[in-house]
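In: requesting a structural model of the entry that follows:
(chains A, B and C, ligands or ions: 1)
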Amino acid sequence: MENKDNSFGQLIDTSKDLDNKITSNIIKSAIQNFNQKIQLVYEKPNRSKIFVNNESLVEVALFLRNTYGLDHVESMSGTDFPAENEIEINYHLGSYINQDLHPYILNLATRVDRENAKSNSLINIFPSVEYFERETYEMLGVYFVGHPRNEPFLLPEDWADLPPLRKDFKLKGR
Amino acid sequence: MSTLDDKINEINRLAIQITKDNDDDRLMNLSIGPQHPGSGHFRIVIKVDGDYIVYADPDIGYVHRGEEKMSEHRNFIQNIPHLERPVIHDSTNIIYSYSLAIEELIGINPPRRGQFVRAIAAELDRLVYTTYWLAIYGIFLGHSTMFMWPTGDRELIIDLLERMTGHRVTHAFSVPGGVRNDIPYNFKEKCLTQINYFEKRLKEYEDIFYNNPLLRQRTEGVGIMNKEDAIKLGVTGSVLRASGVPYDIRKVEPYDVYDEIDFKVQYMKSCDTFARAYVPYLDMKESCHIIRQLLDKMPDEGSVREKIVGNVKAQPGETYRRVESGRGALGYYIISDGSTKPYRLKISTGSFRNILALPFLLVGSKLGDMPAIYWALNYWPIEADR
Amino acid sequence: MLKDLVNPTNVNIYVSKLSDVLIKAVEEPLGYAINWGRIYSLWPVHLETGCCSVEFGAASSPRYDVERFGMLEAFGSLRQCDLIVVLGTVTRKMAPRLRMVYDQMPEPKYVIAMGACAITGGLYLDSYNVLPGADSVVPVDVYVPGCPPRPETLIQGCFLLQEKIKRSKIK
Ligand code: SF4
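Out: Here you go, the predicted structure:
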């Protein structure tokens, strides 16, 4: 899959010297292990973003957790890109176990099709993702395979409109 | 990784089963809230077997106001007032990380004095938030003195903030590029007197509340969440630190001037409800300490704000910035497409992450322990709903 | 002369007139007494709907202490309450619950709408999940403006409500 992120993140060369060796090591080894399946989108001090195919999302997450101790999800969100007909899902992974990685946040991004939005749930790898995935389900309409409860959470029980964070959901007067 | 995962599976299995059929005679269904003294904007469905809770399912979203969608239709400055509303009594902190994120996207740096003033406001707001939290905790446990004292002392700090920013709780003080205005004349002395008085009061709180045998009985050894579980559930802030993980964003990823400040990360290893109730108190003490240092190190002269135009354009890109708020890590994930408005804005709040721990703490404990466990999670419903 | 006046039809009129006079004589002091009792024991429901609840909490703090003006602390049961303070935003999920709470309260009952959100939707006017004001759900007696209103404003709203109760007729 070619990188569609050009307009939303500056691509930075990995070969450039970075202040944080460990973080670049994580990305290097991840890319080595899953060649072609992972793309580096950007790397800034303490923050980086990698893009994976939706099929390999679970194995990459498992690898990151087991090898580097990225053990919890700080935040998770979805973004609608109607122009590309895709929805991007971002998991912001952080670590409590690994002292060196305390300030570091890895943005694990994947994209799903907009019409048939379905992604694999990471709930078995990160239990902390449970409510975030439920929220993403109702706000963007992404169905999480493997998540036990794809139900309304924040919205009213009888919500029958489009998922509100999709770009074609219009606010009144805007 | 057995017990926690088992518990998760069990809870989810029950959730599915309960929505399917609802006629188990042995168990009793209770729906607590949203009208309930203390519960606030929050409902929880629990099943009790005798006195023990076997199933708990928080039902949040009573104050879901769609902040994330609204912010896509306002420009970066216009977003400030409504983004601070989720926690109006901790408003500087929730705007702090927003300001940091926007500063990164626009590419400006606030002047040094502005950074100090912002940090002082943030610490004062942390005190305001935590005293309110403590007051409500007193109500939850039927300790009305603990409602009266903190709410009374809180007003003194609110007075300080009002002098500084112009409003009691919703300050909109921190803006991208610094703070809105300079501190008033004579603020330093006033602040120091107030903080000295407040520290004295904190000692009295400890005597009347935390050393109270009734409180100890109700909280000690109740609702244990050990270190591994806390890490797995990804809780944050005081809840995490009460489980023995010394993780504070001010320390691990210092923003603005926090790397020049000398303070300890307060944490406890007892992992129970008492620890969760006590760590915010220790944080308050530390905050007083921090404010003193900030006042001391603040440069006397200089501007406090890097002016930006109202309709400022951000560079295309994305950022994730976080601060330590009263309830834990508070992060903003902002994607910008180069226009004057954010393309997508996501708020990751401490309350939303901490409430995940509630079912795991409640299942297996007694119904009477519920209020103590629930409010010790340092949870503010509106912030979780956004 | 007297005989003319006292005939069966007229007696009926006189009796009803007499009762009118009696009611007039008694109603006013009685109503005054009952209203006097009501205005100094306003007991609000503890139903938080938005972030104004922080200032509501501050209003019962020692500095403002609404209790001295006759508005009690909000920790009673729903069935004893006669006042509901809508504390801010009414969302779509909360609206049915707000109505349910209102319907369960005994008569007489009063509603204060606190905060810009409860009056018009306030800051969240264009949000998809917020109702434009609480008066589409419950009848509102007093509006307290502000975002959030200061505790003093809430106290003034409380005075206005007391004024309103004082002038209202008992049923
Ligand atoms: S009026 Fe302001 S403070 Fe009150 S609920 Fe609305 S936004 Fe919150």
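In: stretch B:168-182 and the ligand in contact?
Out: No - using C-beta under 6 Å from any ligand atom, stretch B:168-182 stays clear of the ligand, with a minimum separation of 6.7 Å. C-beta coordinates here come from the backbone N, C-alpha and C atoms, glycine included.
In: could you export that stretch as PDB, CA atoms only?
Out: Taking C-alpha atoms only, stretch B:168-182 is exported to PDB below (Å, rounded to 0.1, in the frame of the first residue of the first chain):
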ATOM      1  CA  ARG B 168     -14.000  32.300  39.200                       C
ATOM      2  CA  VAL B 169     -13.600  29.000  37.400                       C
ATOM      3  CA  THR B 170     -13.600  29.300  33.600                       C
ATOM      4  CA  HIS B 171     -10.500  31.300  33.100                       C
ATOM      5  CA  ALA B 172      -9.600  30.800  29.400                       C
ATOM      6  CA  PHE B 173      -6.300  32.100  30.700                       C
ATOM      7  CA  SER B 174      -3.800  29.900  28.900                       C
ATOM      8  CA  VAL B 175      -3.800  30.600  25.200                       C
ATOM      9  CA  PRO B 176      -1.500  29.400  22.400                       C
ATOM     10  CA  GLY B 177       1.500  31.600  22.800                       C
ATOM     11  CA  GLY B 178       1.400  32.200  26.600                       C
ATOM     12  CA  VAL B 179      -1.200  33.600  28.800                       C
ATOM     13  CA  ARG B 180      -3.900  36.300  28.300                       C
ATOM     14  CA  ASN B 181      -2.600  38.900  30.700                       C
ATOM     15  CA  ASP B 182       0.100  39.500  33.200                       C
END
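In: mind listing what's buried along it?
Out: For stretch B:168-182, a neighbour-count test (16 or more other C-beta atoms under 10 Å in any protein chain shown) marks B:168-180, B:182 as buried.
In: what is the nearest of those to C:N12?
Out: Closest approach between those and C:N12, by C-beta to C-beta: B:R168, at 64.6 Å.
In: so that closest one versus B:D300, what's the distance?
Out: 28 Å (C-beta to C-beta, to the nearest Å).
In: go on, C:Y110?
Out: Here C:Y110 is placed at a distance of 54 Å from B:D300 (C-beta to C-beta).
In: these two: who's more crowded?
Out: Applying other C-beta atoms under 10 Å in any protein chain shown to C:Y110 and B:D300 shows that C:Y110 carries more neighbours, namely 22 against 6.
In: so who does that one touch?
Out: C:L42, C:D82, C:L83, C:I84, C:D141, C:V142, C:L161, C:K164, C:I165 (C-beta atoms under 8 Å, 6 or more residues apart in numbering or on different chains).
In: per-residue confidence at A:L11?
Out: We have a pLDDT of 38 for A:L11.
In: need the max-distance pair from the buried residues of stretch B:168-182.
Out: Maximum pairwise distance in the buried residues of stretch B:168-182, criterion C-beta to C-beta, is 24.3 Å, between B:R168 and B:G177.
In: which of the contacts of C:Y110 sits closest to chain B?
Out: C:I84 (9.7 Å; C-beta to the nearest C-beta).
In: can you count the residues close to the closest one?
Out: 27.
In: any idea of the mean pLDDT for stretch A:71-90?
Out: 87.
In: er, stretch B:293-303 actually
Out: 85.
In: contacts for it next, please.
Out: If you take C-beta under 8 Å, 6+ apart as the criterion, stretch B:293-303 is touched by B:111-114, B:116-117, B:119-120, B:123, B:178, B:188, B:191-192, B:257, B:260-263.
In: now that stretch: buried residues?
Out: Within stretch B:293-303, the residues scored as buried using 16+ other C-beta under 10 Å are B:Q293, B:L294, B:L295, B:M298.
In: any idea how far the first one is from chain C?
Out: Separation of B:Q293 from chain C (C-beta to the nearest C-beta, to the nearest Å) stands at 29 Å.
In: would you pull up the residue in chain C closest to chain B?
Out: For chain C, C-beta to the nearest C-beta, closest residue to chain B: C:S61, 3.4 Å.
In: who's in contact with that residue?
Out: C:S61 neighbours (C-beta under 8 Å, 6+ apart): B:A135, B:M148, B:T151, B:G152, B:R154, B:E155, C:P151.
In: next one: phi and psi at it?
Out: Per-residue torsions, C:S61: phi -80, psi 170 (degrees, to the nearest 10).
In: CA atoms only: put stretch C:144-155 into CSV for me.
Out: Provided in CSV are the C-alpha atoms of stretch C:144-155 (Å, rounded to 0.1, in the frame of the first residue of the first chain):
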residue,chain,number,x,y,z
VAL,C,144,-30.3,32.3,36.0
PRO,C,145,-27.9,33.5,33.3
GLY,C,146,-24.2,33.1,33.2
CYS,C,147,-21.6,30.5,32.1
PRO,C,148,-21.3,29.4,34.8
PRO,C,149,-23.4,31.8,36.9
ARG,C,150,-21.6,32.9,40.0
PRO,C,151,-23.1,31.6,43.2
GLU,C,152,-24.4,35.1,43.9
THR,C,153,-26.4,35.0,40.8
LEU,C,154,-27.9,31.7,41.8
ILE,C,155,-28.8,33.2,45.1
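In: from the chain's centre, how far out does that stretch sit?
Out: Relative to its parent chain, stretch C:144-155 has a centroid offset of 17 Å by C-alpha atoms, centre = their mean, to the nearest Å.
In: please identify the buried residues of that stretch?
Out: Those would be C:V144, C:G146, C:C147, C:P148, C:P149, C:R150, C:P151, C:T153, C:L154, C:I155, for stretch C:144-155 by 16+ other C-beta under 10 Å.
In: that one near chain B anywhere?
Out: Yes - against chain B, stretch C:144-155 shows contacts by C-beta under 8 Å from any C-beta of the partner chain at C:C147, C:P148, C:R150.
In: turn those residues into a markdown table, columns for secondary structure and distance to C:R68.
Out: Formatted as a markdown table, those follow (DSSP: H, G, I helix; E, B strand; the rest coil; distance: C-beta to C-beta, whole Å):
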| residue | secondary structure | distance to C:R68 |
| --- | --- | --- |
| C:C147 | coil | 26 |
| C:P148 | coil | 21 |
| C:R150 | coil | 17 |
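In: ok, so of those, who is nearest C:L78?
Out: Nearest member of the residues of stretch C:144-155 next to chain B to C:L78, counting by C-beta to C-beta, is C:P148, at 24.1 Å.
In: what about the residue of chain B found nearest chain C, which helix or strand?
Out: Residue nearest to chain C within chain B: B:T151 (3.4 Å; C-beta to the nearest C-beta). Assigned by DSSP states H and E, B:T151 belongs to helix B:145-165.
In: residues touching that helix, excluding its own?
Out: B:121, B:124-125, B:127-128, B:131-132, B:134-139, B:168-169, B:171-173, B:180-181, B:183-184, B:187, B:190-191, B:194, B:197-198, B:201, B:204-205, B:208-209, C:57-58, C:60-63.
In: could I get the contacting residues of residue 133?
Out: This is for chain A. Counting by C-beta under 8 Å, 6+ apart, A:E133 touches A:M76, A:S121, A:L122, A:I123, A:F144, A:H147.
In: right idea, wrong chain: chain C
Out: C:V90, C:A113, C:A118, C:I119, C:T120, C:G121.
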